[in-house]
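>>> 3D model of this:
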Amino acid sequence: MKAEIGLVGYGRFGRLIARHLAKRCTVCVHDRRKNLRAERFVKVMSLDEVVQRQVIVFAVPIGELRSVLKRVRTKINPDALVLDVCSVKVEPLRWMREHLPPTVAIVGTHPLFGPSSAAQSVRGKSIVLSKGRISHQKFTSLRTLLRRSGLKVLAMTPEDHDRWMARTLFVTQYLGRGVRYVISGQDSPTTAFFHLQRLMEIAAADSPQLLLDMYRYNSFAKDLPQQLDKELSSILNFRRNR
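As a prediction, the model looks like this:
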């Protein structure tokens with residue numbers, strides 16, 4: 001009999017998770033949409049039923065995570081291992097520690113891939129693991145399991161993760177979307193312009209909500225727009241004053 005994993009959230013990324021997990025286990029899904037059209041390889045259940053599984057993955061938007069945790073705090077399996085997949089780690093892990101029973105093991109994850117890049121396979125893709133509340137043995141077992149699945153596992157603190165994402169993913173999204181409004185519809189044979197277009201395309205491949213969520217929930221991203229504006233302004237001022 002296959003092990004059962006609970007999946008809360010069945011959007012684009014939830015579907016990707018379900019598709020890959022279904023090869024090894026039974027995936028029990030809950031989504032707040034009433035007209036959910038699920039693939040045949042998943043079991044659709046109520047939220048209360050899904051959070052009774054031994055392993056539970058929360059694949060809901062970060063803006064919804066806290067309210068969902070509050071709803072399940074008295075229903076969740078007290079011996080469960082709980083994971084999230086948010087692009088921010090400090091706040092989600094704090095919420096899980098705050099709202100879930102102390103017996104629940106908690107790990108923050110951030111898969112550094114999406115439905116497009118991992119449509120066929122996750123082999124060779126990277127995933128970040130951040131300890132929330134879990135024994136060393138369980139954490140090591142989870143890391144080993146993910147590595148055997150072909151993933152490159154990067155273990156780091158929530159703070160290190162958020163600092164890194166602010167300086168990489170957030171900046172990419174911020175500049176890519178900003179460039180889009182300036183150069184949309186333009187063309188040029190230069191290599192530099194080609195790279196600007198690629199940056200714009202990379203940002204556009206993700207939901208605008210990703211940028212907004214990182215700005216709202218990642219404290220390391222708060223001052224970056226102002227810092228970038230300041231640096232660009234200083235370059236222009238330098239040239240004017242020469």
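
>>> what about the longest helix in this protein?
In the chain, taking DSSP state H as the definition, the longest helix is helix 224-241.

>>> show me the domain layout of this structure.
Per the record, the chain has its domains at 4-156, 160-241, by automatic domain parsing.

>>> off-centre distance for the shortest one?
Just to be clear, that refers to domain 160-241. Its chain's C-alpha centre and that of domain 160-241 lie 19 Å apart, by Cα atoms, centre = their mean, to the nearest Å.

>>> against residue 121, how distant is residue 182?
36 Å (Cβ to Cβ, to the nearest Å). To be clear about C-beta, it is placed using only N, CA and C from the backbone, and glycine gets the same treatment.

>>> mean neighbour count added to the domains of the chain, as CSV?
Listed next are the domains of the chain as CSV, based on neighbours: other Cβ atoms under 10 Å:
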stretch, mean neighbour count
domain 4-156, 17
domain 160-241, 14
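
>>> let me have these in TSV, extended by mean pLDDT.
As requested, the domains of the chain are exported to TSV (pLDDT from 0 to 100):
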stretch	mean pLDDT
domain 4-156	94
domain 160-241	88
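
>>> which residue ranges form the helices in this protein?
So, for the chain - with DSSP H - the helices run 12-21, 47-50, 62-72, 90-99, 136-148, 158-165, 171-183, 191-204, 208-217, 224-241.

>>> among those helices, which is nearest residue 110?
Proximity to residue 110 (Cβ to Cβ) singles out helix 158-165 among the helices of the chain, at 6.5 Å.

>>> send me that closest one as CSV with only the CA atoms.
Coordinates of each C-alpha in helix 158-165 appear next as CSV, following Å, rounded to 0.1, in the frame of the first residue of the first chain:
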residue,chain,number,x,y,z
PRO,A,158,15.4,31.0,7.0
GLU,A,159,17.3,34.3,7.3
ASP,A,160,20.0,33.3,4.9
HIS,A,161,17.4,32.1,2.4
ASP,A,162,15.4,35.3,2.6
ARG,A,163,18.5,37.5,2.3
TRP,A,164,19.6,35.5,-0.8
MET,A,165,16.2,35.6,-2.4
